[in-house]
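Undergrad: sharing a sequence plus its predicted fold:
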Number of protein chains: 2
Amino acid sequence: MPRTMSAPRLTQQDCSNCPIRHSAVCARCEADELERLESVKYYRSYKAGQQIAWAGEPLDFVGSVVEGVATLTQTMEDGRRQMVGLLLPSDFLGRPNRAKATYDVVATTDLVLCCFRQKPFQELLLDTPHISQRLLEMTLDELDAAREWMILLGRKTAREKIASLLSIIARRDASLRENPAEQSVVFDLPLTREAMADYLGLTLETVSRQISALRRDKVIVLEGKRHVTVPDFDLLMSETGDDSDGGIFG
Amino acid sequence: MPRTMSAPRLTQQDCSNCPIRHSAVCARCEADELERLESVKYYRSYKAGQQIAWAGEPLDFVGSVVEGVATLTQTMEDGRRQMVGLLLPSDFLGRPNRAKATYDVVATTDLVLCCFRQKPFQELLLDTPHISQRLLEMTLDELDAAREWMILLGRKTAREKIASLLSIIARRDASLRENPAEQSVVFDLPLTREAMADYLGLTLETVSRQISALRRDKVIVLEGKRHVTVPDFDLLMSETGDDSDGGIFG
DNA sequence: TCTCCGCCTTGATCGAGATCAAGCAAAGAA
DNA sequence: TTCTTTGCTTGATCTCGATCAAGGCGGAGA
């Protein structure tokens, strides 16, 4: 399939603001591929709390998170809810070749997405094998994360669930500040207690109680409801029930 | 990259015994690709109960299930166990470009795998874009299944969990016999009560009690411990907690 | 035929987390 | 200012599934 673009070539540098480059698509792109990427990508912004897609309703784009946090949630007929995806910056949203959303998608903070319409993205995938290979790797990583999440849901105690979620957010939070000597980590929770409960398969009351318990036991320090300091990351990790080897960024 | 094979071409028919054709790899293969597939694939057999891989230990092949059932299981330090994958015929095992197993893999029935060593499979992926595209689709399907599983683990009652597992196995069991008039379905459980408990995030006692309860309520009929008849599949589905639209094979 | 062992069932009791309920604090809106 | 709303905390009580315990059953091997 011929490439019809004829604009001047873009350098890697020119594409540095393309979040897809860091996630789904152009880690190994050639200049002419980058140029094509630039020509079909566009941005969408959402306010905190805004719903991006409804389960079963049309969703005609895919994309990746540039900034902010979004959640995928499934609701049962009687109202029970379970979060099944937590999208942080660089995570991918949507499924190629699927016109409808499978889950409710909600922005839990102000959010910026870098998007591609389904059709041009399809063509990109067909023309550019390494993009689908990259997408395969990302999806396999997401599957591993889903399996970790299944262990959390199936076998961990409420306290272990909270500690695990805090360590997951701490690990990935961009504003994370770490003092190597003290192993102290600081971040803001991007989720309400209720959203945390939906993530963990708990009620919001249990989430609140267990956070209070971790604070009482000095595993975490809270300023306000959302700002968390972890004075000793190893201590937090020891509460997760996970194998304890590997450093903060292991 | 040149193809160096020069043996006589194989027809689609010749590859009909290749389970990969029905799963990961050659749904859209050309004859010369099939020939290459044939040249690198091989079979492995396991007895019921035999362990195929150990978490963290080397696993230098990928493959797909031809016959039988295998499970992926994660064990926590204190012995708590959670199943994170149930592999039925045509499912894919292993991760391209990863030399070590992430989970314990166990054959729960006699099992036949159609395998590829990592290195030739890598090359196959690089040479044959539609194979990695097919693998991407399969992985996305697996991710959807993992997310359904998360809802089960996080929000369903013990009774709903059992009903869900029975319907999942019934749906996919090859020996399934269905009478369209009566909606009656018959199959054998490929898992022990303990393995079912590991799947569902329950104890084996609770599994046993809930199966007894479903039998008492005539949702299922048991002959022996493993042979299940579902007299009314819609009735079973109504016990799962899932949205009830869509037929048996919906 | 007996015995053993793996797999399963059932009963009694316990406890972690759910549910029901009350109230606090901060941020808007009137 | 006062009222309302949203998000959160804490207390009292309940319940579902875990835990502890005792057998049953059926197939394999002596």
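TA: Looks like it came in fine.
Undergrad: can you tell if the longest helix along chain A touches DNA strand D?
TA: Scanning chain A for the helix with the most residues, using DSSP state H, yields helix A:129-155. No: Helix A:129-155 does not reach DNA strand D (C-beta under 7 Å from any atom of the strand); its nearest approach is 8.8 Å. Where you see a C-beta, it was placed from the backbone N, CA and C, and this is true even at glycine.
Undergrad: just the buried positions in the following helix or strand past that helix, please.
TA: Next helix or strand after helix A:129-155 toward the C-terminus (DSSP states H and E): helix A:158-172. Within helix A:158-172, the residues that qualify as buried are A:158-170, counting by 16 or more other C-beta atoms under 10 Å in any protein chain shown.
Undergrad: just send those residues back as a markdown table, with distance to B:Gln82 and pLDDT too.
TA: Shown next, in a markdown table, are those (distance: C-beta to C-beta, whole Å; pLDDT from 0 to 100):
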| residue | distance to B:Gln82 | pLDDT |
| --- | --- | --- |
| A:Ala158 | 16 | 98 |
| A:Arg159 | 17 | 98 |
| A:Glu160 | 13 | 98 |
| A:Lys161 | 13 | 98 |
| A:Ile162 | 18 | 98 |
| A:Ala163 | 17 | 98 |
| A:Ser164 | 13 | 98 |
| A:Leu165 | 17 | 98 |
| A:Leu166 | 20 | 98 |
| A:Ser167 | 18 | 97 |
| A:Ile168 | 17 | 96 |
| A:Ile169 | 22 | 96 |
| A:Ala170 | 23 | 94 |
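Undergrad: shouldn't A:Lys100 be in contact with A:Trp54?
TA: No: distance between A:Lys100 and A:Trp54: 9.4 Å, which falls outside the contact criterion (C-beta atoms under 8 Å).
Undergrad: hmm, stretch A:231-246 in reach of DNA strand C?
TA: No: shown here: stretch A:231-246 not in contact with DNA strand C (C-beta under 7 Å from any atom of the strand), separated by at least 10.8 Å.
Undergrad: ok, that stretch near chain B or not?
TA: Yes: counting by C-beta under 8 Å from any C-beta of the partner chain, chain B has neighbours in stretch A:231-246: A:241-243.
Undergrad: quick check: pLDDT value at the residue nearest the centre of chain A.
TA: Nearest to the mean C-alpha position of chain A, by C-alpha atoms, centre = their mean, lies A:Leu87 at 2.2 Å. On the pLDDT scale, A:Leu87 is placed at 97.
Undergrad: cool, the one 4 residues further on as well?
TA: Here the pLDDT value assigned to A:Asp91 is 92.
Undergrad: pretty sure it sits against A:Glu67.
TA: No: applying C-beta under 8 Å as the test, A:Asp91 and A:Glu67 come out as separate, 11.6 Å apart.
Undergrad: between those two, tell me which one has more neighbours.
TA: Per other C-beta atoms under 10 Å in any protein chain shown, whichever of A:Asp91 and A:Glu67 has more neighbours is A:Asp91, with 21 against 15.
Undergrad: so for the residue lying closest to that one once chain neighbours are set aside, what's the pLDDT?
TA: Nearest non-adjacent residue to A:Asp91, counting by C-beta to C-beta, 6 or more residues apart in numbering or on different chains: A:Val65, 5.1 Å away. Here the pLDDT value assigned to A:Val65 is 92.
Undergrad: then the one 3 residues further on?
TA: Predicted confidence (pLDDT) for A:Gly68: 93.
Undergrad: ditto for A:Ala31
TA: pLDDT, A:Ala31: 69.
Undergrad: show me the residues around the residue nearest to A:Lys161 when sequence neighbours are not counted that make contact.
TA: Nearest non-adjacent residue to A:Lys161, counting by C-beta to C-beta, 6+ apart: A:Leu200, 4.3 Å away. By C-beta atoms under 8 Å, 6 or more residues apart in numbering or on different chains, the residues touching A:Leu200 are A:152-153, A:158, A:161-162, A:165, A:207, B:154.
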